[in-house]
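Engineer: fold the stuff below for me.
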Amino acid sequence: MIWWPFVVGYALGSIPFAFLVARRVAGVDLRRAGSGNVGAANVLRLTRWSAGLGVALLDAAKGSAAVWLAGLAGGDAAARTLAGVGAVVGHVYPVWLRFQGGKGVATSGGAFLLLAPSAAAVAAATFVLVAWATRYVSLGSVSAAVTLPAAAGLFGADRAVVAGAAGTAALVVFRHRSNLGRLRRGGERRLGEKGA
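Structural biologist: Take a look at the predicted model:
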(Lines give C-alpha, C1' and ligand atoms only; values in the text may rest on other atoms or scores of the structure.)
Protein backbone atom coordinates (compact mmCIF):
# COMPACT_ATOMS: atom_id res chain seq x y z
CA MET A 1 0.00 0.00 0.00
CA ILE A 2 1.17 3.53 -0.74
CA TRP A 3 1.65 5.35 2.55
CA TRP A 4 1.96 8.93 1.30
CA PRO A 5 -1.65 9.84 2.25
CA PHE A 6 -0.97 8.83 5.85
CA VAL A 7 2.23 10.90 5.92
CA VAL A 8 0.46 13.96 4.50
CA GLY A 9 -2.41 13.47 6.91
CA TYR A 10 -0.05 13.10 9.84
CA ALA A 11 1.78 16.30 8.91
CA LEU A 12 -1.47 18.27 8.82
CA GLY A 13 -2.88 16.65 11.93
CA SER A 14 0.24 17.32 13.94
CA ILE A 15 -0.19 21.10 13.73
CA PRO A 16 -0.90 21.83 17.44
CA PHE A 17 -3.54 24.53 17.13
CA ALA A 18 -4.72 24.09 20.73
CA PHE A 19 -1.20 24.50 22.08
CA LEU A 20 -0.51 27.56 19.92
CA VAL A 21 -3.81 29.29 20.70
CA ALA A 22 -3.58 28.68 24.45
CA ARG A 23 -0.02 29.99 24.48
CA ARG A 24 -1.04 33.06 22.49
CA VAL A 25 -4.30 33.85 24.30
CA ALA A 26 -3.48 32.93 27.89
CA GLY A 27 0.26 32.26 27.98
CA VAL A 28 -0.26 28.70 29.23
CA ASP A 29 1.24 25.37 28.22
CA LEU A 30 -1.71 23.01 27.88
CA ARG A 31 0.47 20.03 28.70
CA ARG A 32 0.97 21.42 32.21
CA ALA A 33 -2.39 23.08 32.87
CA GLY A 34 -6.00 22.03 33.27
CA SER A 35 -6.46 18.42 32.21
CA GLY A 36 -3.05 18.32 30.51
CA ASN A 37 -4.79 17.52 27.22
CA VAL A 38 -3.70 19.45 24.12
CA GLY A 39 -7.18 19.88 22.70
CA ALA A 40 -10.14 22.21 22.34
CA ALA A 41 -11.82 21.18 25.61
CA ASN A 42 -8.78 22.17 27.64
CA VAL A 43 -8.49 25.45 25.75
CA LEU A 44 -12.14 26.14 26.58
CA ARG A 45 -11.50 25.29 30.22
CA LEU A 46 -8.46 27.55 30.55
CA THR A 47 -9.26 30.49 28.27
CA ARG A 48 -12.61 31.47 26.78
CA TRP A 49 -15.36 29.81 24.79
CA SER A 50 -14.47 31.57 21.53
CA ALA A 51 -10.91 30.25 21.68
CA GLY A 52 -12.14 26.73 22.44
CA LEU A 53 -14.61 26.84 19.57
CA GLY A 54 -11.97 28.21 17.21
CA VAL A 55 -9.57 25.41 18.11
CA ALA A 56 -12.30 22.78 17.63
CA LEU A 57 -13.00 24.15 14.14
CA LEU A 58 -9.29 24.27 13.25
CA ASP A 59 -8.79 20.71 14.49
CA ALA A 60 -11.75 19.52 12.43
CA ALA A 61 -10.37 21.39 9.42
CA LYS A 62 -7.11 19.42 9.70
CA GLY A 63 -8.99 16.16 9.23
CA SER A 64 -11.08 17.50 6.36
CA ALA A 65 -8.04 19.02 4.63
CA ALA A 66 -6.13 15.74 4.76
CA VAL A 67 -8.99 13.81 3.16
CA TRP A 68 -9.61 16.53 0.58
CA LEU A 69 -5.95 16.69 -0.46
CA ALA A 70 -5.76 12.91 -0.85
CA GLY A 71 -8.84 13.03 -3.08
CA LEU A 72 -7.44 15.97 -5.04
CA ALA A 73 -4.36 13.88 -5.75
CA GLY A 74 -6.54 11.13 -7.18
CA GLY A 75 -6.63 8.90 -4.13
CA ASP A 76 -9.36 6.28 -3.85
CA ALA A 77 -11.47 5.63 -0.75
CA ALA A 78 -8.65 3.72 0.92
CA ALA A 79 -6.13 6.50 0.29
CA ARG A 80 -8.52 9.18 1.49
CA THR A 81 -9.27 7.16 4.61
CA LEU A 82 -5.57 6.67 5.24
CA ALA A 83 -5.08 10.43 5.05
CA GLY A 84 -7.91 11.02 7.52
CA VAL A 85 -6.58 8.43 9.95
CA GLY A 86 -3.12 9.96 9.58
CA ALA A 87 -4.50 13.35 10.58
CA VAL A 88 -6.06 11.88 13.71
CA VAL A 89 -2.83 10.09 14.65
CA GLY A 90 -0.89 13.31 14.03
CA HIS A 91 -3.24 15.22 16.29
CA VAL A 92 -3.01 12.64 19.06
CA TYR A 93 0.75 12.06 18.76
CA PRO A 94 2.34 15.23 17.30
CA VAL A 95 6.09 14.97 16.87
CA TRP A 96 6.43 18.70 17.65
CA LEU A 97 5.12 18.21 21.20
CA ARG A 98 7.00 14.98 21.91
CA PHE A 99 3.93 12.97 20.90
CA GLN A 100 1.72 14.53 23.57
CA GLY A 101 -1.39 15.76 21.78
CA GLY A 102 -5.17 15.78 22.02
CA LYS A 103 -7.77 13.06 21.97
CA GLY A 104 -8.71 13.19 18.29
CA VAL A 105 -12.44 13.87 18.51
CA ALA A 106 -12.71 17.04 16.41
CA THR A 107 -10.09 15.88 13.89
CA SER A 108 -11.95 12.59 13.46
CA GLY A 109 -15.16 14.50 12.92
CA GLY A 110 -13.58 16.65 10.24
CA ALA A 111 -12.10 13.67 8.42
CA PHE A 112 -15.26 11.57 8.41
CA LEU A 113 -17.43 14.53 7.50
CA LEU A 114 -15.94 14.04 4.03
CA LEU A 115 -15.45 10.27 4.14
CA ALA A 116 -18.89 9.32 5.49
CA PRO A 117 -21.09 12.41 5.89
CA SER A 118 -24.23 10.62 7.09
CA ALA A 119 -22.33 8.59 9.65
CA ALA A 120 -20.49 11.71 10.85
CA ALA A 121 -23.83 13.49 11.27
CA VAL A 122 -25.18 10.61 13.38
CA ALA A 123 -22.00 10.60 15.49
CA ALA A 124 -22.21 14.38 15.97
CA ALA A 125 -25.86 14.12 17.02
CA THR A 126 -24.90 11.36 19.46
CA PHE A 127 -22.21 13.58 20.95
CA VAL A 128 -24.60 16.50 21.42
CA LEU A 129 -27.37 14.38 22.93
CA VAL A 130 -25.14 12.46 25.35
CA ALA A 131 -23.09 15.49 26.39
CA TRP A 132 -26.24 17.57 26.86
CA ALA A 133 -28.08 14.87 28.83
CA THR A 134 -25.17 13.93 31.11
CA ARG A 135 -23.00 17.10 30.96
CA TYR A 136 -20.01 14.81 30.46
CA VAL A 137 -18.09 15.88 27.34
CA SER A 138 -15.92 12.77 27.62
CA LEU A 139 -18.93 10.44 27.61
CA GLY A 140 -20.36 12.26 24.60
CA SER A 141 -17.01 11.92 22.81
CA VAL A 142 -16.70 8.20 23.49
CA SER A 143 -20.34 7.59 22.52
CA ALA A 144 -19.85 9.44 19.25
CA ALA A 145 -16.65 7.53 18.50
CA VAL A 146 -18.32 4.15 19.04
CA THR A 147 -21.33 5.21 16.97
CA LEU A 148 -19.24 6.31 13.97
CA PRO A 149 -18.11 2.92 12.54
CA ALA A 150 -21.50 1.33 13.18
CA ALA A 151 -23.26 4.16 11.37
CA ALA A 152 -20.73 4.08 8.52
CA GLY A 153 -21.45 0.37 8.03
CA LEU A 154 -25.20 0.86 8.18
CA PHE A 155 -25.07 3.65 5.60
CA GLY A 156 -23.05 1.47 3.22
CA ALA A 157 -19.72 3.29 3.36
CA ASP A 158 -16.73 1.75 1.60
CA ARG A 159 -15.09 -1.05 3.60
CA ALA A 160 -11.90 0.98 3.93
CA VAL A 161 -13.87 3.85 5.41
CA VAL A 162 -15.62 1.55 7.90
CA ALA A 163 -12.28 0.04 8.90
CA GLY A 164 -10.76 3.51 9.28
CA ALA A 165 -13.71 4.61 11.40
CA ALA A 166 -13.28 1.57 13.63
CA GLY A 167 -9.57 2.20 14.06
CA THR A 168 -10.13 5.87 14.77
CA ALA A 169 -12.87 5.04 17.28
CA ALA A 170 -10.54 2.64 19.08
CA LEU A 171 -7.87 5.35 19.32
CA VAL A 172 -10.34 7.93 20.64
CA VAL A 173 -11.66 5.51 23.27
CA PHE A 174 -8.09 4.61 24.25
CA ARG A 175 -7.23 8.27 24.69
CA HIS A 176 -10.25 8.66 26.97
CA ARG A 177 -9.28 5.77 29.26
CA SER A 178 -8.49 8.09 32.18
CA ASN A 179 -11.84 9.86 31.72
CA LEU A 180 -13.63 6.50 31.69
CA GLY A 181 -11.84 5.56 34.89
CA ARG A 182 -12.99 8.78 36.55
CA LEU A 183 -16.53 8.19 35.29
CA ARG A 184 -16.55 4.77 36.96
CA ARG A 185 -15.29 6.30 40.21
CA GLY A 186 -17.66 9.27 40.02
CA GLY A 187 -14.82 11.76 39.77
CA GLU A 188 -15.21 13.02 36.21
CA ARG A 189 -15.87 16.76 35.88
CA ARG A 190 -19.14 17.80 34.30
CA LEU A 191 -19.44 20.51 31.67
CA GLY A 192 -19.16 23.90 33.34
CA GLU A 193 -17.41 22.66 36.46
CA LYS A 194 -14.06 24.14 37.37
CA GLY A 195 -10.90 22.08 37.64
CA ALA A 196 -9.01 19.57 35.57
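
Engineer: hmm, Gly104 is touching Pro94, no?
Structural biologist: No: judged on C-beta atoms under 8 Å, Gly104 makes no contact with Pro94 at a distance of 11.2 Å. All C-beta atoms are positioned from the backbone trio N, CA, C, and that covers glycine.

Engineer: the two: which is more packed in?
Structural biologist: Gly104 (31 against 21; other C-beta atoms under 10 Å).

Engineer: so how far is Gly74 from that one?
Structural biologist: In this structure, Gly104 and Gly74 are 27 Å apart, going by C-beta to C-beta, to the nearest Å.

Engineer: tell me the helices and strands packed up against the helix or strand of the chain with the lowest mean pLDDT.
Structural biologist: In the chain, the helix or strand scored least confidently by mean pLDDT, DSSP states H and E is helix 40-46, which has a mean of 90. Packing contacts for helix 40-46, counted by 3 or more C-beta pairs under 8 Å, 6 or more residues apart in numbering; DSSP states H and E, involve helix 17-26, helix 49-72.

Engineer: tell me which other helices or strands the next helix or strand after the last one touches.
Structural biologist: In other words, helix 49-72. Going down the chain from helix 49-72, the next helix or strand is helix 77-92, by DSSP states H and E. Other helices and strands packing on helix 77-92, by 3+ C-beta pairs under 8 Å, 6+ apart, are helix 4-13, helix 49-72, helix 105-115, helix 159-175.

Engineer: residues of the helix or strand hosting Ala150 that come out buried?
Structural biologist: Element membership for Ala150, per DSSP H and E: helix 137-154. Of the residues in helix 137-154, those scored as buried under the neighbour-count criterion (16 or more other C-beta atoms under 10 Å) are 137-153.

Engineer: can you list contacts of stretch 86-100?
Structural biologist: Defining contact as C-beta atoms under 8 Å, 6 or more residues apart in numbering, one finds that stretch 86-100 is touched by 5-16, 19, 31, 38, 59, 62-63, 65-67, 101-104, 107-108, 110-111, 168, 171-172, 175.

Engineer: mind listing what's buried in stretch 54-73?
Structural biologist: By neighbour count on 16+ other C-beta under 10 Å, the buried set for stretch 54-73 is 54-56, 58-71.

Engineer: please apply the same query to stretch 183-192.
Structural biologist: The neighbour-count criterion (16+ other C-beta under 10 Å) identifies Leu183, Glu188, Arg189 as the buried residues of stretch 183-192.

Engineer: leaving out the residues flanking it, which one is nearest to Gly164?
Structural biologist: Excluding the flanking residues, the one nearest Gly164 by C-beta to C-beta, 6 or more residues apart in numbering is Thr81, at 3.8 Å.
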